[in-house]
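1. return atomic coordinates for the entry below.
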Amino acid sequence: MKDRSVLEMRGISKSFPGVRALQNVDFTLCEGEIHALMGENGAGKSTLIKVLTGVYTKDEGTITLKDTGEVQIHSPQDAQHFGISTVYQEITLCPNLTVAENMYIGRETGKVRNWKKMNEDADKILTSLDIPAAASQQLSSCSIAIQQMVAIARAVDMDCRVLILDEPTSSLDDQEVQKLFGLMRDLKKRGVGIIFVTHFLDQVYEVCDKITVLRNGTLVGEYEIENLPRVQLVSKMLGKEMDDLSDIKSEAETYHGDDAGEVVYEAEGLQSDAGIKPFDFHIRKGEVNGFTGLLGSGRSECVRAIFGADRVLAGTTKKKGRQVKITKPIEAMKNGIAYLPEDRKIDGIIGDLSVRDNIILALQVLTGFFKPFSKAKANQFADEYIKALSIKTASNDTPIGSLSGGNQQKVILARWLLMHPEYLILDEPTRGIDIGTKVDIQKLVLKLASEGMSVTFISSETDEMLRTCSRLIVMRDRKVVGELTGEDLTQNKIMSTIAGGENKA
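-> I've put the predicted structure just below:
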């Protein structure tokens, strides 16, 4: 083990039924180092962290700690015993207790608690780490950023040598992020090794010393921050080399109606409580456009703001030039906007209802539940779209939960198409479904656009975006950083725009 290494993970493998989540992954963390762990969704970051913290038991490999040697970590308590602490994106402390109680909860020795001493000790730690909180104040009165810092203070007081910060800045504003970075730099000076899991590229280059990139459960490499320009980081995460990519042109037929080119929807300064920076957006009749960027860049948050699925804080919206108010999904629906959400299991299907009831749901909401469709009418609607979209189901009365993922996705598509929307938003419509259904959905999108429907299409697969969209809005760190059309619609240009310029280190 190197002199400065506090942690070495070697040959780590972990499998689940049918999935090889990690395959022979190495990871090294040094004392006094902030080390970013990067990778897209499914890369293996969370699995590696859970192996290190004892949530999962590794199948193969070794974990070695400085001054301890090789260790076996079978539970989070084991990890804590070895000086490995984790602070998660979602605060896991108790908001109804004081700051000091949260710092010492679960650590009593069986003796009567000395409240005065506990508060004094907590205040010393808070002061030494420059955390603006009092030991005696209730945690719920602190901002999210301060609560994150209290969680870190608890870890530091437990003599942590390895601190894992899992997406700690996702709920913080810019000033709060800077306070957190100040604390991280202070801990770095004290010799703590920090693993920083994040999707924010700018933050990685501001605070980190090294980057380890995972992709599809394998190690891509470990890099010194100064030796890995942003555009190269993006290409390593996506598995696309900048000089070895072919252009993929859209196969869409252009809509040629009398109102071709009319702006159907536009927004100015739109902002929601999901943390995206204010953005402008428009879409024309018969156009397929999309939001692209790395996972966590703000793609989904933008379309959720357009549909009113998140609380809108600011901005104006227009439908065909007329100003409209869209702060709730029902208002979007009344204005001819439909939205297929990213997570069909949570936000899309209602598993206990039949295929028929899932298909007619949106139209029934618009019509009103006090005016229910007749059984014959509901069957007619459902059967029409089961046939049109080739949905594989025994009958329209089959519970949707028993269908395959691809067929569930088609049912949700049918739900919105039954509404005959003017503007359709599809967020990851092909994720987790078979290649045949993917192609069906892509062809359907192009067909709908050729008939005059406006479509916003989001996919983690850049190739799919290029095949489908004629204009791409590029996101990075929850803000719009570019817009690409025509000859600029290439993998290279997308990655360099995400990275912020090829020469930006």
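
2. in this protein, which residue is closest to the centre?
-> Centroid-nearest residue in the chain, with CA atoms, centre = their mean: residue 296, separated by 4.0 Å.

3. that's a helix at it, yeah?
-> No: with DSSP: H, G, I helix; E, B strand; the rest coil as the criterion, residue 296 is assigned coil and is not in a helix.

4. ok, it - contacts?
-> 167, 170, 198-200 (CB atoms under 8 Å, 6 or more residues apart in numbering). In this view, the C-beta of every residue, glycine as well, is placed from N, C-alpha and C.

5. hmm, 7 Å instead?
-> Residues near residue 296 by CB atoms under 7 Å, 6 or more residues apart in numbering: residue 199.

6. residue ranges in the stretch 351-500 of the chain under the pLDDT threshold?
-> For the stretch 351-500 of the chain, the stretches flagged by pLDDT under 70 are 351, 432-437.

7. just the helices in it please.
-> 355-367, 375-388, 405-417, 435-450, 462-468, 491-499 (DSSP state H, counting those that start in this stretch).

8. between helix 435-450 and the second one, find me the angle.
-> Compare the direction of helix 375-388 with that of helix 435-450 by axes from the mean of the first three to the mean of the last three CA atoms, to 10 degrees and you get 110 degrees.

9. could I get helix 375-388 in CSV with only the CA atoms?
-> In CSV, the C-alpha atoms belonging to helix 375-388 read as follows (Å, rounded to 0.1, in the frame of the first residue of the first chain):
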residue,chain,number,x,y,z
LYS,A,375,-67.9,0.5,-20.3
ALA,A,376,-68.4,0.2,-24.0
LYS,A,377,-66.7,3.5,-24.7
ALA,A,378,-63.8,2.7,-22.4
ASN,A,379,-63.3,-0.6,-24.1
GLN,A,380,-63.4,1.1,-27.5
PHE,A,381,-60.7,3.6,-26.5
ALA,A,382,-58.5,0.9,-25.0
ASP,A,383,-58.9,-1.6,-27.9
GLU,A,384,-58.1,1.1,-30.5
TYR,A,385,-54.7,1.9,-28.9
ILE,A,386,-53.9,-1.7,-27.9
LYS,A,387,-54.1,-2.4,-31.7
ALA,A,388,-52.5,0.8,-32.8
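
10. check which helices and strands it is in contact with.
-> helix 355-367 (3 or more CB pairs under 7 Å, 6 or more residues apart in numbering; DSSP states H and E).

11. elements contacting the helix it packs on?
-> Going by 3+ CB pairs under 7 Å, 6+ apart, helix 355-367 lies up against helix 329-334, helix 375-388, helix 405-417.

12. buried stuff in it?
-> For helix 355-367, a neighbour-count test (16 or more other CB atoms under 10 Å) marks 355-364 as buried.

13. and which of the residues you listed is nearest to residue 40?
-> residue 358 (30.1 Å; CB to CB).

14. roughly how far does that closest one sit from residue 384?
-> Distance, residue 358 to residue 384, by CB to CB, to the nearest Å: 14 Å.

15. again, but for residue 185
-> From residue 185 to residue 384 the distance is 61 Å (CB to CB).

16. which residue packs closest to residue 199, ignoring adjacent ones?
-> Among residues not flanking residue 199 along the chain, residue 296 sits closest, at 2.8 Å (CB to CB, 6 or more residues apart in numbering).

17. same deal with residue 378?
-> Per CB to CB, 6+ apart, closest to residue 378 is residue 360, 5.2 Å.

18. go on, residue 38?
-> residue 213 is the one closest to residue 38 (CB to CB, 6+ apart), at 5.0 Å.

19. quick one: strands adjacent to the helix or strand hosting the one you found?
-> Assigned by DSSP states H and E, residue 213 belongs to strand 210-215. Strand 210-215 has the following strand partners under DSSP bridges: strand 34-38 (parallel), strand 218-224 (antiparallel).

20. for these, which one sits closest to residue 270?
-> Minimum separation from residue 270 across those (CB to CB) falls at strand 34-38, 28.9 Å.

21. what is the helix or strand following the closest one packed up against?
-> Next helix or strand after strand 34-38 toward the C-terminus (DSSP H and E): helix 45-52. Packing partners of helix 45-52 (3+ CB pairs under 7 Å, 6+ apart): strand 5-16, strand 19-30.

22. helices of the stretch 101-250 of the chain, start to end?
-> Using DSSP H, counting those that start in this stretch, helices in the stretch 101-250 of the chain cover 115-128, 144-157, 174-189, 201-207, 230-238.

23. where does the prediction get shaky in this protein?
-> 1-3, 41, 89-90, 107-113, 171, 240-256, 343-347, 351, 432-437, 501-505.

24. and it, what are its domain boundaries?
-> 5-228, 245-336+422-500, 344-420 (automatic domain parsing).

25. turn those into CSV, columns for distance to residue 237.
-> Formatted as CSV, those follow (distance: least, CB to CB, whole Å):
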stretch, distance to residue 237
domain 5-228, 6
domain 245-336+422-500, 7
domain 344-420, 25
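
26. and stretch 99-107, what's buried?
-> 99-104.

27. and of those residues, the nearest to residue 92?
-> residue 102 (9.8 Å).

28. now the phi/psi pair for residue 133, please.
-> Per-residue torsions, residue 133: phi -150, psi 150 (degrees, to the nearest 10).
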